Each structure stands twice: as C-alpha cells, then as structure tokens.
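Asks: This is a predicted model, with the sequence first.
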Amino acid sequence: MTFACALCGCAGGNIGTPLQGGGEWKVEQRADRVADQPIQSAVLVTKSRNVKAARDSTVPQNASLQLLCFDGDPVVRFFFTSEVGSDRNSRLTYKFDNKPAAKPNARILQDFQTVMLEEKKDVAIFTNDLRDAKKLDITVSGLVSGNTIAEFNVEGAAAAIEASYKNCPLPAPPAPRPGRGKKG
C-alpha cells in the first residue's frame, strides 16, 4: 500500500480504481485544469528484484507499469523503487509470454528509477503485443546498478490500453519485416 501511495504522488492522481474487465490493472484519473479535460492512465504494480538493491533490506523492491498520454502522445512508463541506471549505462529488454525479446529505444529519466518508452514506433509495438498478453517480463541491464527484473501479470490489458489512450490514439504498429512473420 505504501508503494501505491508513493506512485500516487509520482503520477499526480488517484490510483486504486479497478478497471472493469482489466485484470489487476488500476485506473488513475485526474483533471487537467488548464486544458479542461480528464486525464486517465492505467497502472500495474509488482515486485522487482535487483541484487544490489537487496543489500538495503529497508527499501521494498517494487516496479510499476503505467500507460498514459504525455503532451498529447501515448507513452509507457516503468517506475522502480530502486535505481536502475542511466541512459549511458543501462538498457531495457522486455518479453511478452513466449514471444522473442525486444530492445526498444527507452529513455531513463534523471531520477535513475523511471524508464520511458516515448517513440511512437516503440509504443505502438509494445501496446500491440501487450493487448492480448498474459505475462510481461522486463529487465533493465545496468553496468553500475546491475540487472533489475520484474514480472507483470498483464491480463486485461486491452481495457487498460483503451482507457489510457482515449485522448491520444495509438499509431498503427509497423508492418512485420519480410521473413520475420509467423510460419504457417
């Protein structure tokens, strides 16, 4: 509960409303008083693991996945309670269910705990694969911070995607490259 409250402060809204048909997803709603529009996002919280962070047992190791609009564009935000590294020395890799791993162009913010997917192509690919997935495994590999891993139960993501990106539609995912499609 403490972690959810901490995320509430980071996200600037109310987390905790279960999403109808959305599995473990929670909806965060707040009002943009300047644009006079509601802002909605969907959040999942799970445990994370990092050997270096585990040495300080007073800090719980948690991670969140948040789908939201930022400046009119869809983005994906991962937040960790421990530092995961910086843009210069860390990389995000993720995998849905039994699909091949993906290494998007992710940006790590200056707090060293927030990882963002902001490029339209990366967000489109991620959300397209997320839509029908059951499980998401992520690893942030850091030269200084070590590997941080988390596993999310993402069932019900279709409802979370629709709720989060209502005011900033997703671009179509890029077409698969020849020779990389399903074999039938």
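Replies: Now that the structure is in, tell me what you want to look at.
Asks: do you know how far Asn128 is from Ala158?
Replies: 11 Å (C-beta to C-beta, to the nearest Å). (C-beta placed from N, C-alpha, C; glycine too.)
Asks: One more: Arg131?
Replies: Arg131 sits 5 Å away from Ala158, taking C-beta to C-beta as the criterion.
Asks: again with Arg107
Replies: For Arg107, the distance to Ala158 - C-beta to C-beta - is 26 Å.
Asks: Could you do Ala53 as well?
Replies: Distance of Ala53 to Ala158, computed by C-beta to C-beta: 33 Å.
Asks: got it, and Phe112?
Replies: Using C-beta to C-beta, one gets 32 Å for the distance from Phe112 to Ala158.
Asks: Three-state assignment for the closest residue in space to Asp73 that isn't next to it in sequence, please.
Replies: Leaving aside its sequence neighbours, Asp73 sits nearest to Cys168 (C-beta to C-beta, 6 or more residues apart in numbering; 5.7 Å). With DSSP: H, G, I helix; E, B strand; the rest coil as the basis, Cys168 sits in coil.
Asks: Pull up the per-residue confidence for Cys168.
Replies: For Cys168, the model assigns a pLDDT of 89.
Asks: repeat for Lys183
Replies: As predicted, Lys183 sits at a pLDDT of 46.
Asks: Please apply the same query to Asn62.
Replies: Listed pLDDT for Asn62 reads 94.
Asks: and it, what is it in contact with?
Replies: By C-beta atoms under 8 Å, 6 or more residues apart in numbering, the contact set of Asn62 is Phe3, Val45, Thr46, Lys47, Ser48, Phe80, Thr81.
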